[in-house]
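# sequence and predicted structure are below.
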Amino acid sequence: MKLKIKLRKVKTSDKKYFAKWWRDKELLRVTSGILERIDDVEVDRYFSKIILSNNYHYLILAGDNVIGHISL
């Protein structure tokens, strides 16, 4: 079975995905070099910047599963 890869604009209800990714120490290490997890206040601040940004932020979906994020 082939899964379709799709992009969809980030919306406020997607904060849960970002919170999970930003608290994953290994994921942070390989993607950004950051070695410390961030707290709830920082998650809120970073996610607010994404929502209010003039950039285009999208979630990457494989079928119905969220697998990542991209910004253009």
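Everything's here; your move.
# which residues in this structure form strands?
5-9, 57-62, 65-71 (DSSP state E).
# adjacent strands (with direction) for the last one?
Same thing as strand 65-71. Strand 65-71 pairs in its sheet with strand 57-62 (antiparallel), by DSSP bridges.
# for the partner strand, what is the average pLDDT?
Mean pLDDT, strand 57-62: 96.
# tell me the angle that strand makes with strand 5-9.
Inter-element angle recorded for strand 57-62 and strand 5-9: 150 degrees (by axes from the mean of the first three to the mean of the last three C-alpha atoms, to 10 degrees).
# residues making contact with strand 57-62?
Applying C-beta atoms under 8 Å, 6 or more residues apart in numbering, the set of residues contacting strand 57-62 from outside is 3-10, 14, 17, 50, 66-72. For every residue, glycine as well, the C-beta is placed using N, CA and C.
# buried residues, the lowest-mean-pLDDT helix or strand in the chain. List them.
Here the helix or strand of the chain ranked lowest by mean pLDDT, DSSP states H and E is helix 25-31, holding a mean of 78. For helix 25-31, burial by neighbour count (16 or more other C-beta atoms under 10 Å) applies to Leu28.
# name the helices or strands packed onto that helix?
When contacts are defined as 3 or more C-beta pairs under 8 Å, 6 or more residues apart in numbering; DSSP states H and E, helix 25-31 packs onto helix 15-22.
# make CSV from the strands of the chain and add distance to Lys25 and mean neighbour count to it.
Output for the strands of the chain, formatted as CSV (distance: least, C-beta to C-beta, whole Å; neighbours: other C-beta atoms under 10 Å):
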stretch, distance to Lys25, mean neighbour count
strand 5-9, 27, 12
strand 57-62, 21, 16
strand 65-71, 18, 12
